[in-house]
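show me the folded form of this:
(one chain, ligands or ions: 1)
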Amino acid sequence: MNNKEYEVLVKKSKEISLKWRTLPAPQRGELIRLFGEELRLQKVQLAQTITKEARKIHTESLGEVQEAIDMCDFAVGLSRQLYGLTMPSERPNHRLQELWHPLGVVGCITAFNFPMAVFAWNFCLAAVCGNSIIWKPSPHANQCAKGIKKAWDKVSGDFADLILVLEGGNEEAVLICKDKRIALVSATGSTQMGKELAPMVSARLGKLLLELGGNNAAIVCPSADLDLTIKGIAFSACGTTGQRCTSLRRLFVHEDIYDDCVKRLRNCFDDLIIGCPTKEGSQIGPLISEESYNRMQEILDSLKSKGVDVIGGERINIEDPKEFYVKPALVLVDTIEDEMLKETFAPILYVKKYLDLKDAIFMQNNVSQGLSSSIFTNDMRESELFLSESGSDCGIANVNIGTSGAEIGGAFGGEKDTGGGRESGSDAWKNYMRRVTATINYGDELPLAQGVEFDES
Ligand code: NAD
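Now for the predicted structure:
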């Protein structure tokens, strides 16, 4: 997109935001309700677009559109609940109140792996809060963005410009980040991307919401229900071909159950059905690109060269030269290898023994990322320690479920190199509004706060 076209886009977005913000929030919610209805009607078609572009298996693509629908439902309810607090004033005949107002234009930069849901997290909240949005999708997912925009255009009447799509690569993302007219930049992608873009937004003192890479771990305790645990691990580590920000990458297993757990995991990984994502029954589709495949192999080669035990990880179904199907890799480590500290966006699961739960929690937290974590246990003391202030340092901490597959009702996001942002449920909507603290004096005197005297007579 050239500069002139970009200017037109931002101008349009700004103009529509000024109109949209004057609609009462429940009326904004009504349009989001219609959008949700349209997504329901187009669910299968939109899911097919996700499968075609992002190569997700059909059931996961359907789940992703469902997530966008769920976000619409959530936002409709929220449109009547944008509550501000009222606080007691220390002065007589005074009232203290919080008001929440829209920010204006929100810029939304998204990754390839959730090409519709992450946009929906942002758009549904941003819209009921009274903002317009400019969406820069992943270059791997432009058709998904077009599909969503088309659904919006069908129901939005005069407010079609509330969603404007800015197709392109890194340059377009940079335009958004440097543009003072864009009040909030919500960026989802790798930590590297966040580190490059965040200083641009901060330099103009813009607001930022960062949803970056993860390096998620699970701990399996002696009391764990292993049937449930293996299922949870398999979906988290191998589902979406290990290409979720919440994918399980590291597993710490108590030594008493280590051999049994590894044996079961090997059998389970062997049984997974890897194949064309459009084919019924496929559980694992291909990696997004050859580049992604090469990165996975580099990591595995590096581990093998050090004598680390790598099971699986090889390319399969090579009769289709354009697709990169891989067998998920189990990597059995005795010590923490450097490779474990990075996020490799592919199905590689590192497994390490532990003796003491506190050590396992330490190893889990001892990475730069802080997105998702799990413990598998039936011992209440262990799960409560894991959830306590001395436990997991992640934004997501689960008990007896895997690290991936969050519901929209909770706030989603993570700490440290994951960026600190929170999107989706709970009170994440506050990120899309500005807070005004209003003090109202309904008396006929002017007492000053903290008892300060300033008598002009
Ligand atoms: P990516 O970082 O390559 O790209 C994400 C987006 O940022 C794209 O729109 C891309 O065009 C843009 N971008 C990337 N680098 C840029 C740069 N240097 N300058 C300007 N723009 C840039 O990520 P991806 O490969 O699409 O997705 C995978 C990554 O996203 C993983 O690290 C994953 O953990 C992360 N992710 C995080 C979440 C979360 O909620 N925390 C959700 C999904 C994906």
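
what lies in contact with whichever strand or helix holds Ala217?
For Ala217, the enclosing helix or strand under DSSP states H and E is strand 216-220. Counting contacts by Cβ atoms under 8 Å, 6 or more residues apart in numbering, the residues outside strand 216-220 that touch it are 226, 229, 232-233, 236, 246-254, 257, 261, 354, 357, 360-361, 363-364, 367, 369, 371-377, 386, 394, 402-404. Just so you know, the C-beta spots here come from the backbone N, C-alpha and C atoms, and that holds for glycine as well.

hmm, 7 Å instead?
Around strand 216-220, the neighbours that count as contacts under Cβ atoms under 7 Å, 6 or more residues apart in numbering are 229, 233, 246-254, 257, 261, 360, 364, 371-376, 402-403.

what sits against whatever residue of the stretch 151-300 of the chain ends up closest to the ligand?
Ranked by Cβ to the nearest ligand atom, the top residue of the stretch 151-300 of the chain for proximity to the ligand is Gly189, at 2.6 Å. Gly189 makes contacts with 109, 111, 212, as judged by Cβ under 7 Å, 6+ apart.

per-residue pLDDT, it?
Taken from the predicted model, the pLDDT recorded for Gly189 is 98.

over to the one 3 residues further on?
Reading off the confidence values, Gln192 has pLDDT 98.

can you tell me the SS state at the nearest residue to Leu39 once chain neighbours are set aside?
Taking Cβ to Cβ, 6 or more residues apart in numbering as the measure, Leu39 lies nearest to Ile69, with 5.0 Å between them; neighbours along the chain are not counted. Following DSSP: H, G, I helix; E, B strand; the rest coil, Ile69 is assigned to helix.

neighbours of Ile69, how many?
By the measure other Cβ atoms under 10 Å, the count of residues near Ile69 is 21.

helices of the protein, residue ranges please.
For the chain, the helices defined by DSSP state H cover 3-20, 25-41, 43-54, 58-78, 117-128, 142-155, 170-178, 191-203, 226-238, 258-271, 290-305, 357-365, 380-387.

out of those, which is closest to Gly443?
The closest of the helices of the chain to Gly443 is helix 25-41. By Cβ to Cβ, the value is 31.1 Å.

Arg21 and Leu209, how far apart?
19 Å (Cβ to Cβ, to the nearest Å).

also Gly130?
Note on Gly130: its distance to Leu209, by Cβ to Cβ, is 17 Å.

give the other helices and strands that the lowest-mean-pLDDT helix or strand in the chain contacts.
The weakest-scoring helix or strand in the chain, judged by mean pLDDT, DSSP states H and E, is strand 315-316 (a mean of 94). For strand 315-316, the helices and strands in contact under the criterion 3 or more Cβ pairs under 7 Å, 6 or more residues apart in numbering; DSSP states H and E are strand 325-326.

if you set the cut-off to 10 Å instead, what comes out?
The elements that strand 315-316 packs onto, with contact taken as 3 or more Cβ pairs under 10 Å, 6 or more residues apart in numbering; DSSP states H and E, are helix 290-305, strand 325-326.

which of these has the highest mean neighbour count?
Looking across the helices and strands packed on strand 315-316 with neighbours counted as mean count of other Cβ atoms under 10 Å, the highest average goes to strand 325-326: a mean of 24.

which strands or helices does it pack on?
Under the contact definition 3+ Cβ pairs under 10 Å, 6+ apart, strand 325-326 sits against helix 290-305, strand 315-316.

what's in contact with the last one?
Outside strand 315-316, the residues that touch it by Cβ atoms under 10 Å, 6 or more residues apart in numbering are 274-275, 286-287, 293, 296-297, 323-327.

a markdown table for the residues you listed, including distance to Arg434 and pLDDT?
As requested, the contacts of strand 315-316 are arranged in a markdown table below (distance: Cβ to Cβ, whole Å; pLDDT from 0 to 100):
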| residue | distance to Arg434 | pLDDT |
| --- | --- | --- |
| Ile274 | 48 | 95 |
| Gly275 | 49 | 93 |
| Pro286 | 44 | 96 |
| Leu287 | 41 | 97 |
| Tyr293 | 44 | 97 |
| Met296 | 43 | 98 |
| Gln297 | 47 | 98 |
| Glu323 | 46 | 94 |
| Phe324 | 45 | 96 |
| Tyr325 | 48 | 96 |
| Val326 | 46 | 97 |
| Lys327 | 50 | 97 |
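
wait, isn't Asn3 in contact with Glu172?
No - under the criterion of Cβ atoms under 10 Å, Asn3 makes no contact with Glu172, lying 11.3 Å away.

of these two, who's got more company?
Neighbours per residue (other Cβ under 10 Å) separate Asn3 from Glu172, with Glu172 holding more: 19 against 8.

contact partners for that one?
With contact taken as Cβ under 10 Å, 6+ apart, Glu172 is in contact with 1, 6, 107, 109, 134, 136-137, 139, 166.

just the buried ones among these, please.
6, 107, 109, 134, 136-137, 166 (16 or more other Cβ atoms under 10 Å).

which residues of the chain lie near the ligand?
By Cβ under 6 Å from any ligand atom, the residues of the chain that approach the ligand are 109-114, 118, 136, 138-139, 169-170, 173-174, 188-190, 193, 196-197, 211-214, 245, 343, 345, 371, 418.

just the ones of these in strands?
109, 136, 188, 211 (DSSP state E).

report pLDDT for the residue nearest to Ile16 when sequence neighbours are not counted.
With Cβ to Cβ, 6+ apart as the criterion, Ile16 has its nearest non-adjacent residue at 4.1 Å, and that residue is Asp161. For Asp161, the pLDDT comes out at 98.

mind listing what's buried in stretch 137-148?
Buried, per 16+ other Cβ under 10 Å, within stretch 137-148: 137-138, 140-141, 144-145, 147-148.

residue contacts, the closest residue to Ala75 other than its chain neighbours?
In space, not counting the residues next to it along the chain, Ala75 is nearest to Cys124; the distance is 3.7 Å by Cβ to Cβ, 6+ apart. Contact criterion Cβ under 10 Å, 6+ apart gives 29, 32, 35-36, 68-76, 78-79, 133, 408, 424, 429, 432 as the residues in contact with Cys124.

restricted to buried residues, select those residues in PyMOL.
To isolate in PyMOL the members of these that are buried, counting by 16+ other Cβ under 10 Å, one can use:
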select buried, resi 29+32+35+36+68+69+70+71+72+74+75+76+78+79+133+408+424+429+432
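
from the ligand, how far off is Val76?
In this structure, Val76 and the ligand are 23 Å apart, going by Cβ to the nearest ligand atom, to the nearest Å.

so that residue sits against Leu125, correct?
No - taking Cβ under 10 Å as the definition, Val76 is not a contact partner of Leu125, at 11.6 Å.

show me the common contact partners of these two, please.
Ile32.

Gly242: neighbouring residues, count only.
The local packing count at Gly242 equals 25, with neighbours defined by other Cβ under 10 Å.

tell me the spacing between it and Gly169.
When distances are taken as Cβ to Cβ, Gly242 and Gly169 turn out to be 24 Å apart.

okay then, goodbye and thanks.
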